[in-house]
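[1] What shape does this take:
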Amino acid sequence: MNEIMEDPSPLTEPPAFLFDLDGTLIDSVYQHVIAWRNALAEMEIDLAVWRIHRRIGMSGGLFVSALIRETGVDLTAEQAERLQKAHAREYLRQHGSVRPLPGAADLLATLSERGIRWAIATSGRRATAGRALGLLGLPEDTPMVTRDLVRHAKPDPDLFLAAARRLGVHPSATMVVGDSVWDLLAARRAGALGVGLMSGGYGREELERAGAYRVYRDPLDMLEHLDELGVRGGAVIDP
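    As a prediction, this is how the structure comes out:
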């Protein structure tokens, strides 16, 4: 009986995971929506809440560009910068109501226990995103790439490419976990597999159309189905 020859260079490590933050690990999407609404109100700009929600997850600059297109309001560079600063201020005012999503801390802890590398890549700036570390019980040196560290935020791939470099892995060996179409579009452009979570308000079909390989309700649901993503017990499932 012929023996099956072993691949001379087998993949011996599990894939790395790159996590979005808002709506993926922490329940903060609607705080961001209200923060944008309040910031816009300061400038006497009226935009329906549902329209704001559809833009959460993209960079603040792209949000402002979309705002100009949808409302016809022409903002100067100074006004656009003031709007983004107002959003950050309003979000921090509401940060006390932000909570980790079900299973988020346990998911990250489980991955670490199994020797699976992971990082956080968020369109938020460190001043706001950094506060989530305490909510998740994570140390300050947790691998995290924020908007401040890259040229472009989502749907550009810069955040995920930088996070992969931080972990020392090729982007094609990562899985991006996010709650919005912007996360999944950025994942595709980075050459990573996308995993969608519905905890940010997007539906299964929207996430799948944007490129999600698997879709789960929230981090807890993902944790309970880690084997579907090709990992268990810290090892890649045999092909």
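[2] Check which residues of stretch 196-216 are buried.
    196-202, 206-207, 210-216 (16 or more other Cβ atoms under 10 Å). (Each C-beta comes from the backbone N, C-alpha and C, glycine too.)
[3] and those residues, which two are the farthest apart?
    Greatest spatial distance among those (Cβ to Cβ): Gly201 and Tyr213, at 20.0 Å.
[4] residue boundaries of the strands in this structure?
    Assigned by DSSP state E, the chain shows strands spanning 16-19, 26-27, 99-100, 118-121, 144-145, 174-178, 193-197, 212-216, 231-232, 235-236.
[5] which strands and helices sit next to the first one?
    Right, the one you point to is strand 16-19. strand 118-121, helix 158-167, strand 174-178 (3 or more Cβ pairs under 8 Å, 6 or more residues apart in numbering; DSSP states H and E).
[6] circling back: relative to Ala129, which of the strands of the chain is closest?
    strand 144-145 (7.0 Å).
[7] lowest average confidence, helix or strand, in the chain?
    strand 235-236 (a mean of 41; mean pLDDT, DSSP states H and E).
[8] residues making contact with the longest helix along the chain?
    In the chain, taking DSSP state H as the definition, the longest helix is helix 77-93. Residues from elsewhere that reach helix 77-93, judged by Cβ atoms under 8 Å, 6 or more residues apart in numbering: 28, 31-32, 34-36, 38-40, 42-43, 60-61, 64, 75, 125, 127-128, 131.
[9] cool, and stretch 144-151?
    So stretch 144-151 is contacted by 59-60, 119-126, 129-130, 133, 153, 158-159, 162-163, 166 (Cβ under 8 Å, 6+ apart).
[10] With stretch 110-119 instead?
    14-19, 108, 142-145, 163-164, 166-167, 169, 223, 226, 231, 233-234.
[11] can we see that at 10 Å?
    Stretch 110-119 is touched from outside by 13-19, 103, 107-108, 138, 142-145, 159-160, 162-169, 173-175, 177, 223, 226, 229, 231-235, with contacts defined as Cβ atoms under 10 Å, 6 or more residues apart in numbering.
[12] Out of those residues, which end up buried?
    14-19, 103, 107-108, 138, 143-145, 159-160, 162-164, 166-167, 169, 173-175, 177, 223, 226, 229, 231.
[13] For burial, what's the neighbour tally of Glu140?
    A total of 8 residues lie near Glu140 under the criterion other Cβ atoms under 10 Å.
[14] quick one: contacts for it?
    Taking Cβ under 10 Å, 6+ apart, one finds Gly130, Leu133, Gly134 in contact with Glu140.
[15] need the residues you listed in JSON lines with pLDDT and distance to Gln94, can you?
    Formatted as JSON lines, these follow (pLDDT from 0 to 100; distance: Cβ to Cβ, whole Å):
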{"residue": "Gly130", "pLDDT": "88", "distance to Gln94": "16"}
{"residue": "Leu133", "pLDDT": "94", "distance to Gln94": "18"}
{"residue": "Gly134", "pLDDT": "93", "distance to Gln94": "16"}
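[16] and which of those residues is nearest to Arg189?
    Gly130 (25.7 Å).
[17] and that closest one, how many neighbours?
    So Gly130, with other Cβ under 10 Å, has 15 neighbours.
[18] for Val73, same thing?
    Neighbours around Val73, by other Cβ under 10 Å: 16.
[19] Touching, it and Leu40? I think so.
    Yes. Using Cβ atoms under 10 Å, Val73 is in contact with Leu40, at 9.3 Å.
[20] For the chain, give me the ranges with low pLDDT.
    1-13, 232-239 (pLDDT under 70).
[21] Might you report the residue contacts of the closest residue to Leu135 other than its chain neighbours?
    Closest residue in space to Leu135, ignoring its immediate chain neighbours: Pro100 at 5.3 Å, by Cβ to Cβ, 6 or more residues apart in numbering. Shown in contact with Pro100 (Cβ under 10 Å, 6+ apart): Leu25, Ile26, Asp27, Ser28, Asp106, Leu107, Leu108, Ala132, Leu135, Leu136, Gly137, Pro219.
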